[in-house]
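>>> Generate coordinates for the sequence data below:
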Amino acid sequence: MKVKQEAFFNKLDSALPKYVRNIPWRLLYSLSRDGISYHTLEKKLKNFHFFVVAVTDKGGKSFGGFFTGKFWMREGFWGTGESFLFELTETGAKTYPATLENNLFCFSDEDGFGLGSQ
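Sure, this is the predicted structure:
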């Protein structure tokens, strides 16, 4: 089951920071449309200061993260404490916010990127 964009953001909307709620989101990168290329993903995200990455696994579970900060392929941590992980449920989104115990929110290098830390 693929996540439909409108239904997806309806579930996620209340977890997002107020300044990005109800904005018109658009699909920038899709594995099926754009292929498996980290460099293509980086090019499409380079001018954005916040974005959502969503994945639906083979079992139909949908999860991802809200990233803040300008994405670029450098080695190191970036982003803000507004970043969070989520999983979609039947009724909405279960979120996992930053603990703010450190500033290790988003990580990227030339091989990939991630959200969250120890």
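
>>> Look at S117 and report its pLDDT.
Model confidence at S117, given as pLDDT, is 61.

>>> cool, and K70?
77.

>>> ok, now how distant is it from F84?
In this view, K70 and F84 are 18 Å apart by CB to CB, to the nearest Å. (C-beta placed from N, C-alpha, C; glycine too.)

>>> Just want to know which of those two has more residues nearby.
F84 (21 against 14; other CB atoms under 10 Å).

>>> ok, what's across the strand from the more buried one?
F66, P97 (DSSP bridges).

>>> What of S108?
Residues in beta-bridge contact with S108 (DSSP bridges): G76, F113.

>>> Burial check on it, number of neighbours?
Count around S108 with other CB under 10 Å applied: 22.

>>> N10 too?
N10 has 12 nearby residues by other CB under 10 Å.

>>> Can you list phi and psi of it for me?
phi -60, psi -40 (degrees, to the nearest 10).

>>> what's the spacing between it and E42?
29 Å.

>>> do the same with E82
On the measure of CB to CB, E82 and E42 end up 21 Å apart.

>>> can you check R26 too?
For R26, the distance to E42 - CB to CB - is 17 Å.

>>> Give me the more crowded residue out of those two.
Taking neighbours as other CB under 10 Å, R26 and E42 compare with E42 leading, 16 against 6.

>>> Mind telling me what element the more buried one is part of?
Per DSSP states H and E, E42 falls inside helix 38-45.

>>> Pull out the buried residues from stretch 5-19.
F8, F9, K11, L12, A15, L16 (16 or more other CB atoms under 10 Å).

>>> quick one, what contacts the fourth one?
Right, L12. L12 sits next to V52, F66, F86, L88, A93 when contact means CB atoms under 8 Å, 6 or more residues apart in numbering.

>>> taking the mean pLDDT, what do you get for the helix holding E42?
On average, helix 38-45 scores 88.

>>> do the same with stretch 15-30
88.

>>> so how far is that stretch off the chain centroid?
Taking CA atoms, centre = their mean, to the nearest Å, one finds the center of stretch 15-30 at 10 Å from the center of the full chain.

>>> try stretch 80-93
For stretch 80-93, the distance to the chain centre is 9 Å (CA atoms, centre = their mean).
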